[in-house]
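1. Predicted model and sequence follow; I will ask about them next.
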Amino acid sequence: MLDFEELEKGFTEEEAIAEASRCLQCKNPLCVQGCPIHNRIPEFIQAIRSRNYAEAIKLINERSNLAVICARVCPHSDQCEGACVLDKKGKGIKISKLERFLADKEMELSLNRVMEKVAVIGSGPAGLTVAGILAREGYRVTVFEARPLPGGVLRYGIPEYRLPKQMVDKQIEIIRNLGVRIDTGVVIGEALTLDQLFSMGYKGIFIGTGTGLSRKLGVPGEDLPGSMQAIYFLETVELVRESRLPASHLPIREGDRVIVVGAGNVAADAARTALRIGAASVDVVDIMAESERRASDKEYFEALHEGAKFQFQTSVAQIHGDSRVTGVTLQGFAPRQIVDGQSRFLPIPGSERELPCDKIIVAIGQKPFARIVSTTTGIKTNERGYVHTQAEPHYGMTTRPGVFAAGDVVHEPQTVILAMREGRRVAEAMDTYLRSLHL
Ligand code: SF4
């Protein structure tokens, strides 16, 4: 009977590290020149020496998709090993065996990884990005969404005229087809805590819940009926549009005189939505100068074109009314200045003026909900409620191992594309972290 057992045995971990430690880390590495695909040989050898196997595997995978096979069948003695500067003395580095050591480790890991569960909290742009990337990598991903339908800000924050919800549904279907499970109506921090998710077998958790709490103006009359937060307004309009609420729930009626406070993209969305519902007038006031407005040019000029009137260096000092909003006192402000080392807007005495109105929409920013953090130990936030994350070695990991975060829960709200970009970076870091649990 012929013996077909694999001839050459691989390195043990100690052998691999000893071999990697012999590498001279040449400035002009001849091994790379000898490699037909220019593998990053000295770098992955250095990563093995530091026992950073996840990094070493990543470096190999940059150039090679078939490392398990290459390590065994490539003619290394004619390529990288033959070119190694130490080969002339008969002491060339066994690059193929180091590559095989890593490739076998990764194979073992991939087979384990398929079984691993990852929880993604929030189905906005960052959450969907992380879910899609990790599902493609073979993880079993469950997205937990508090609302009845997935999409987060894509569904409830961006109006239909800018982003048709049919497109959001299609994108979510693509994510589902990757094997991602989406559980809606589940509030993490209430129905389930992070500790419970870990005990249910989730090895990694991503928090992408965005910013659900609106900042208040802090002026008299703010709680009168008719004064509302922009994210509540936009979400309610969407729920009515989806027929999940009756039209009688629309917070703005035809003919209403509306004041929007703030001049970011959310304010512009609120102003344009109010005009579409039939508001008689929409005045947008913002404490900053026009040159400092946060709304993009596109949003700003389209809102102007559609009939919104902007008043800069102006804010609401008081909201009037008995049983509902009837008007406001507006206050003029000087341009931003530094007072005692702090950036301030100072009111201009005598600039107060009255403006009658029926509705006020406040759009001066949001901050994250505290419910996940407050029901979990070990996750630090800053004084403004944003979650602390690390830059290295696992980008986006919070102060609790295995829990990552990105998007508006980590910093001031940004655009969708920036949330997706960050989601991608964090997903890659989660993958590296989850692999390292097996190394
Ligand atoms: Fe290491 Fe040899 Fe490459 Fe130099 S040529 S970096 S010694 S493997």
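-> Ah, there it is.
2. Distance from the helix or strand of the chain with the lowest mean pLDDT to the middle of the chain?
-> In the chain, no helix or strand scores lower on mean pLDDT, DSSP states H and E than helix 371-374, which sits at a mean of 70. Once both centres are worked out by Cα atoms, centre = their mean, to the nearest Å, helix 371-374 turns out to sit 18 Å from its chain's centre.
3. Contacts for that helix, please.
-> Residues outside helix 371-374 that contact it (Cβ atoms under 8 Å, 6 or more residues apart in numbering): 121, 187-190, 194, 207, 209, 379, 381, 387. In short, each C-beta sits where N, CA and C put it, glycine included.
4. And whatever helix or strand comes next after it, what does it pack against?
-> Elements were assigned by DSSP states H and E; along the chain past helix 371-374, the next helix or strand is strand 403-405. Other elements packing on strand 403-405 under the criterion 3 or more Cβ pairs under 8 Å, 6 or more residues apart in numbering; DSSP states H and E are strand 202-207, helix 416-436.
5. I'd like to check the angle between the longest one and strand 202-207, please.
-> Okay, so that is helix 416-436. When axes from the mean of the first three to the mean of the last three Cα atoms, to 10 degrees is applied, the directions of helix 416-436 and strand 202-207 differ by 160 degrees.
6. which stretches of this structure have low pLDDT?
-> The model of the chain has pLDDT under 70 over residues 1-7, 65, 109-114, 212, 368-371, 412-414, 439.
7. at 80 what do you get?
-> Applying pLDDT under 80 to the chain picks out residues 1-9, 64-71, 74, 106-115, 210-214, 366-377, 383-385, 407-409, 411-419, 438-439.
8. Could you pull up the contacting residues of the closest residue in space to Q313 that isn't next to it in sequence?
-> Counting by Cβ to Cβ, 6 or more residues apart in numbering, the nearest residue to Q313 once its immediate chain neighbours are dropped is F333, at 4.8 Å. When the contact criterion is Cβ under 8 Å, 6+ apart, the partners of F333 are 287, 313-315, 345-348, 351.
9. Run through the residues of the protein sitting next to the ligand.
-> By the criterion of Cβ under 6 Å from any ligand atom, the positions of the chain lying close to the ligand are 23-26, 29-31, 41-42, 84-86, 93, 95.
10. now those residues in TSV, with neighbour count and distance to T375?
-> As requested, the residues of the chain next to the ligand are arranged in TSV below (neighbours: other Cβ atoms under 10 Å; distance: Cβ to Cβ, whole Å):
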residue	neighbour count	distance to T375
C23	21	49
L24	12	53
Q25	10	48
C26	14	53
P29	22	51
L30	16	57
C31	26	52
I41	28	48
P42	20	47
C84	24	55
V85	16	58
L86	16	57
I93	22	52
I95	27	50
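11. Inside strands: which ones of these?
-> When the residues of the chain next to the ligand are checked against strands using DSSP state E, none is located there.
12. between those residues, which is nearest V328?
-> The shortest distance between V328 and any of those, using Cβ to Cβ, involves P42 and amounts to 66.8 Å.
13. For that closest one, list the residues it contacts.
-> 23, 25-26, 29, 31-32.
14. try 10 Å
-> Contact analysis of P42 by Cβ atoms under 10 Å, 6 or more residues apart in numbering lists 20, 23-27, 29, 31-32, 59, 93, 95.
15. about what we covered before: please produce a markdown table containing the helices and strands packed on strand 403-405, extended by mean neighbour count.
-> Putting the helices and strands packed on strand 403-405 into a markdown table (neighbours: other Cβ atoms under 10 Å) gives the following:
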| stretch | mean neighbour count |
| --- | --- |
| strand 202-207 | 26 |
| helix 416-436 | 21 |
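16. Turn the residues of the chain next to the ligand into a markdown table, including distance to K165.
-> Rendered in a markdown table, the data for these read as follows (distance: Cβ to Cβ, whole Å):
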| residue | distance to K165 |
| --- | --- |
| C23 | 56 |
| L24 | 59 |
| Q25 | 55 |
| C26 | 57 |
| P29 | 53 |
| L30 | 58 |
| C31 | 54 |
| I41 | 50 |
| P42 | 51 |
| C84 | 59 |
| V85 | 61 |
| L86 | 62 |
| I93 | 57 |
| I95 | 53 |
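17. I figured E392 was touching T432, is that so?
-> No: counting by Cβ atoms under 10 Å, E392 does not reach T432; the two are 11.3 Å apart.
18. With distance to T273 added, can I get the helices and strands packed on strand 403-405 in a markdown table?
-> Rendered in a markdown table, the data for the helices and strands packed on strand 403-405 read as follows (distance: least, Cβ to Cβ, whole Å):
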| stretch | distance to T273 |
| --- | --- |
| strand 202-207 | 29 |
| helix 416-436 | 18 |
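19. K309: which of those is closest?
-> helix 416-436 (27.4 Å).
20. Pick out the residue of the stretch 151-300 of the chain closest to the ligand.
-> Among the residues of the stretch 151-300 of the chain, G204 lies closest to the ligand, at 34.4 Å counting by Cβ to the nearest ligand atom.
21. Setting aside sequence neighbours, what's the nearest residue to that residue?
-> Counting by Cβ to Cβ, 6+ apart, the residue nearest G204 is V118, at 4.6 Å.
22. Which of the three states applies to the one you found?
-> Using DSSP: H, G, I helix; E, B strand; the rest coil, the three-state assignment for V118 comes out as strand.
23. Spit out the contact partners of it.
-> For V118, the contacting residues are 130-131, 134-135, 137, 139-143, 180, 197, 202-206, 402, 404, 427, 430-431, 434, taking Cβ under 10 Å, 6+ apart as the criterion.
24. try 8 Å this time
-> With contact set as Cβ under 8 Å, 6+ apart, V118 has these partners: 134, 139-142, 202-206, 430, 434.
25. again, but for A67
-> By Cβ under 8 Å, 6+ apart, A67 lies in contact with 60-61, 99, 102-103, 106.
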